[in-house]
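> Build the 3D model from these lines:
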Amino acid sequence: MHDKMFNKVNLLVSLFILNVVLWVNEIKEFNVIASDVIICVVYIRFFSRLSEVLISFFLDVTDGKPKNKHTDKYDRIKLAIISYIEIFIISTCVYAVSPMIGNIFDAIITSLGAGTFTNIEFAKKSWMGLVAVYLQIFTTLTLVLLSIATYIGYSDESSVKS
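Numbering: from 1, shown residues only. Okay, here's the model as predicted:
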């Protein structure tokens, strides 16, 4: 239960930071120091949370046994999905405050592109192009992830029957 709650709290914190980032450009005109503090918080949160997720999931996979006896394979898949969404959100924050990107729309597109290992520059020309490309990406990622999850489930069931 602790892992699930902790993961959801982290998601909420990242959503809160995203809301703050949406106001950074307006704050910047009036208070440069507050804006710089927010930008520092975004980068610290990005590097610390992504490092935490990498280490946690790596250790969970390589250890071979769950950290928590109350977390089954389905819970781990849910935790991975929530972490994936959180990484998208906090990455959007980093791209939004980046001087190279600087606006929320391009930050979202960059985050989606990086998170799905795609480069969809051509699709930025229209909303319909973006919808089509990302619907395809999310569908294929879902199929891949669910296939892996099913395979893992079959592996667990076959080892129990043996």
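> Find the nearest non-adjacent residue to residue 57, please.
Nearest residue to residue 57, sequence neighbours excluded (C-beta to C-beta, 6 or more residues apart in numbering): residue 80, at 7.0 Å. Backbone N, C-alpha and C define where each C-beta goes, glycine included.
> right, and the one you found touches residue 56 too?
No. Using C-beta atoms under 8 Å, residue 80 is not in contact with residue 56; the gap is 10.3 Å.
> tell me the contacts of residue 92?
By C-beta atoms under 8 Å, 6 or more residues apart in numbering, the residues touching residue 92 are 18, 104, 107-108, 110-111.
> now with 6 Å?
Contacts of residue 92 were listed using C-beta atoms under 6 Å, 6 or more residues apart in numbering, and they are 107-108, 111.
> Give me the phi and psi for it.
phi -60, psi -40 (degrees, to the nearest 10).
> per-residue pLDDT, it?
Per-residue confidence at residue 92 stands at 88 (pLDDT).
> tell me the contacts of the residue nearest to it when sequence neighbours are not counted?
Spatially, and ignoring its direct neighbours in sequence, residue 92 is nearest to residue 111 (4.2 Å; C-beta to C-beta, 6+ apart). Residue 111 makes contact with 88, 91-92, 95 under the criterion C-beta under 6 Å, 6+ apart.
> In which helix or strand does residue 111 reside?
Using DSSP states H and E, residue 111 sits in helix 104-115.
> tell me the mean pLDDT over that helix?
82.
> Next, the buried residues of that helix.
104, 106-113, 115 (16 or more other C-beta atoms under 10 Å).
> Reformat the residues you listed as CSV; add distance to residue 34.
Shown next, in CSV, are the buried residues of helix 104-115 (distance: C-beta to C-beta, whole Å):
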residue, distance to residue 34
104, 19
106, 23
107, 20
108, 24
109, 27
110, 25
111, 24
112, 29
113, 30
115, 29
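> hang on, residue 137 packs against residue 117?
No. Residue 137 is beyond contact range of residue 117, at 8.8 Å (criterion: C-beta atoms under 6 Å).
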